[in-house]
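sequence? don't have it. structure:
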């Protein structure tokens with residue numbers, strides 16, 4: 001069932017710029033379902049909490065919720081919004097350090113005013129939760145899927161829409177660090193643990209006659225400034241267990257770049273950091289994605305990058321390249337088995353609305369005492385897997 005939206009400009013104060021009053025009213029009626037909130041709490045109490053200690057960093061992680069303004073019972077829709085509401089509500093009463101979303105909050109296929117409204121409503125939920133949060137940008141979050149499908153001649157999202165609706169609120173929190181106001185690399189620390197967040201949708205917003213030079217949905221990359229910031233952060237990372245998160249996978253199992261631009265260069269930074277190397281990193285490109293930088297990781301003590309964790313692929317997988325685990329998490333959005341773009345992984349789960357399989361989420365526990373990164377899944381997710389740090 002599709003929801004029809006009004007376009008009259010009579011609005012509530014918080015969502016006034018972005019969303020119609022009917023949509024606003026409907027979203028605000030979405031409440032956490034007690035069954036799902038209790039289920040998430042029970043997973044944590046039974047499986048995760050026995051592994052939590054004072055030195056651990058414990059994260060609640062969702063990814064690829066693909067929110068759409070559709071009351072779908074078998075595919076992308078408002079179920080993605082509800083999952084965030086339910087996970088955040090459950091974590092309010094749990095010893096979780098951060099709520100993390102790895103990107104693709106929205107599907108990006110709705111009218112721009114609707115997509116902006118969904119982003120703002122969701123970020124209000126994160127802001128109102130009891131835990132600090134970080135939300136990464138996914139390739140769907142600039143609404144380019146709508147532009148593709150409607151063949152419109154102008155970009156439906158303005159240059160700073162996503163930043164103002166999402167990223168700005170990430171950095172309003174004192175727990176979230178970055179090098180400068182323009183930096184797209186962030187990090188958090190707890191004791192001997194450092195978590196770094198990369199933006200794999202680091203694509204320049206360039207208009208050619210009103211349309212975008214780059215389609216954010218189809219193009220994924222990391223530019224030189226972000227690589228320089230990553231190097232600067234790592235050069236000052238002394239005696240830390242480092243885990244990196246992004247939206248999209250950086251490299252394939254064979255070691256080739258899985259991004260359109262520079263995923264392999266980021267992997268080289270990781271391995272150079274672990275090897276305590278110094279040197280120069282460059283590619284053969286010029287212009288928007290050219291890279292030519294220097295690095296020196298000789299004074300980082302025993303610091304090591306052990307794991308890179310992402311979503312994007314809508315299945316689970318992990319593989320090791322040059323000593324670094326690359327871990328892909330399943331999408332939190334509902335993917336019913338009868339939809340053509342549903343991955344085989346999700347078809348096997350036979351995900352159904354109002355059943356546990358509707359959800360897919362994770363608790364990630366980084367434990368320096370056990371030297372382990374432990375992932376506890378719920379819903380359509382593997383229940384437990386662990387990796388060395």
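Perfect, I can see it now. What you see is a predicted model; the values in this text were computed from it and never measured.

Can you check the pLDDT for the residue positioned nearest the centre of the chain?
The centroid of the chain falls nearest to residue 102 when counting by Cα atoms, centre = their mean (1.1 Å). Residue-level confidence at residue 102 comes out at 98, pLDDT.

I'd like to know how far the residue nearest to residue 200 when sequence neighbours are not counted sits from residue 67.
Nearest-residue entry for residue 200: residue 248, 4.1 Å, with adjacent residues in sequence omitted and distances by Cβ to Cβ, 6 or more residues apart in numbering. (C-beta placed from N, C-alpha, C; glycine too.) Counting by Cβ to Cβ, to the nearest Å, the gap from residue 248 to residue 67 is 18 Å.

which one of those two has more residues nearby?
Remark: of residue 248 and residue 67, residue 67 carries more neighbours, 29 against 26, as counted by other Cβ atoms under 10 Å.

That one touches residue 109, doesn't it?
No. Residue 67 is beyond contact range of residue 109, at 10.2 Å (criterion: Cβ atoms under 8 Å).

Just confirm the residue nearest to the centre of the chain contacts residue 63, I think it does.
Yes. With contact defined as Cβ under 8 Å, residue 102 reaches residue 63; the gap is 3.6 Å.

Contacts only, for residue 161.
Residue 161 is in contact with 112, 116, 142, counting by Cβ atoms under 8 Å, 6 or more residues apart in numbering.

count of neighbours near the second one?
By other Cβ under 10 Å, the residues close to residue 116 number 24.

before we move on, what about the one 5 residues further on?
A total of 23 residues lie near residue 121 under the criterion other Cβ under 10 Å.

for the residue lying closest to residue 140 once chain neighbours are set aside, phi and psi?
What sits nearest to residue 140 in space, not counting adjacent residues and going by Cβ to Cβ, 6+ apart, is residue 108, at 4.0 Å. Main-chain torsions, residue 108, degrees, to the nearest 10: phi 80, psi 20.

Report pLDDT for residue 108.
97.

Distance of it relative to residue 268?
Taking Cβ to Cβ, one finds residue 108 at 31 Å from residue 268.

got it, and residue 56?
30 Å.

which one of these two has more residues nearby?
Using other Cβ under 10 Å as the criterion, residue 56 and residue 268 rank with residue 56 on top: 22 against 18.

Please look at the more buried one and residue 364 and confirm they touch.
No. Using Cβ under 8 Å, residue 56 is not in contact with residue 364, being 10.1 Å away.

how about the strands in the stretch 51-200 of the chain?
57-62, 98-101, 133-135, 186-190, 193-197 (DSSP state E, counting those that start in this stretch).

Repeat that for the stretch 251-389 of the chain.
Going by DSSP E, counting those that start in this stretch, the stretch 251-389 of the chain shows strands at 278-282, 292-296, 304-310, 317-321, 324-328, 360-367, 372-379, 385-388.

residues in contact with the residue nearest to residue 200?
Residue 248 sits in contact with 103, 138-139, 200-201, 220, 258-259, 310-312, where contact means Cβ under 8 Å, 6+ apart.

how close does it sit to residue 375?
18 Å.

and residue 233, what helix or strand is that in?
For residue 233, the element it lies in under DSSP states H and E is helix 224-235.

State the next helix or strand along the chain beyond that helix.
Using DSSP H and E, the helix or strand that follows helix 224-235 towards the C-terminus is strand 241-245.

if you average pLDDT over that next one, what comes out?
Per-residue scores along strand 241-245 average to 98.

Relative to that strand, what are the paired strands and their orientations?
Partners of strand 241-245 in the sheet, by DSSP bridges, are strand 193-197 (parallel), strand 304-310 (parallel).

picking up where we left off before, pull up the overlap in contacts between residue 102 and residue 63.
Both residue 102 and residue 63 are contacted by 138, 247, 310-312, 329, under the criterion Cβ under 8 Å, 6+ apart.

Enumerate every residue touching residue 36.
82-83, 86, 358-359.

Now do the same for residue 3: its pLDDT.
pLDDT recorded at residue 3 is 41.

just residue 7 next, same as before
Residue 7 is given a pLDDT of 33.

again, but for the one 4 residues further on
You'll see residue 11 listed with a pLDDT of 32.

repeat for the one 3 residues further on
Among the per-residue scores, residue 14 shows a pLDDT of 45.

Ok, residue 71 next?
In the prediction, the pLDDT value recorded for residue 71 is 89.

For residue 193, see how far away it is.
Applying Cβ to Cβ to residue 71 and residue 193 gives a distance of 40 Å.

ok, those two, which is more surrounded?
residue 193 (20 against 13).

Could you verify my assumption that that one touches residue 367?
No. At 9.0 Å, residue 193 does not count as touching residue 367 under the criterion of Cβ under 8 Å.

that older thread, can you flag which of the contacts of residue 161 belong to helices?
If you go by DSSP state H, these have 112, 116 in helices.

what about the helices in the stretch 151-300 of the chain?
Using DSSP state H, counting those that start in this stretch, the helices found in the stretch 151-300 of the chain span residues 161-162, 168-171, 224-235, 263-274.

any weak-confidence spans in the chain?
1-23 (pLDDT under 70).

Swap in 50 and give it another go.
For the chain, the stretches with pLDDT under 50 are 1-16.

residues near residue 168, how many?
12.

Distance-wise, check the closest residue in space to residue 337 that isn't next to it in sequence relative to residue 33.
Once flanking residues are discounted, residue 337 sits nearest to residue 347: 4.3 Å by Cβ to Cβ, 6+ apart. Computed as Cβ to Cβ, the residue 347 to residue 33 distance reads 24 Å.

is it true that the residue nearest to residue 337 touches residue 357?
No. With contact defined as Cβ under 8 Å, residue 347 does not count as touching residue 357 (11.2 Å).

who has more neighbours, the two?
For residue 347 versus residue 357, the count of surrounding residues by other Cβ under 10 Å is larger for residue 357: 19 against 14.

ok, now which ones touch the more buried one?
Here residue 357 is in contact with 349-351, 379-380 (Cβ under 8 Å, 6+ apart).
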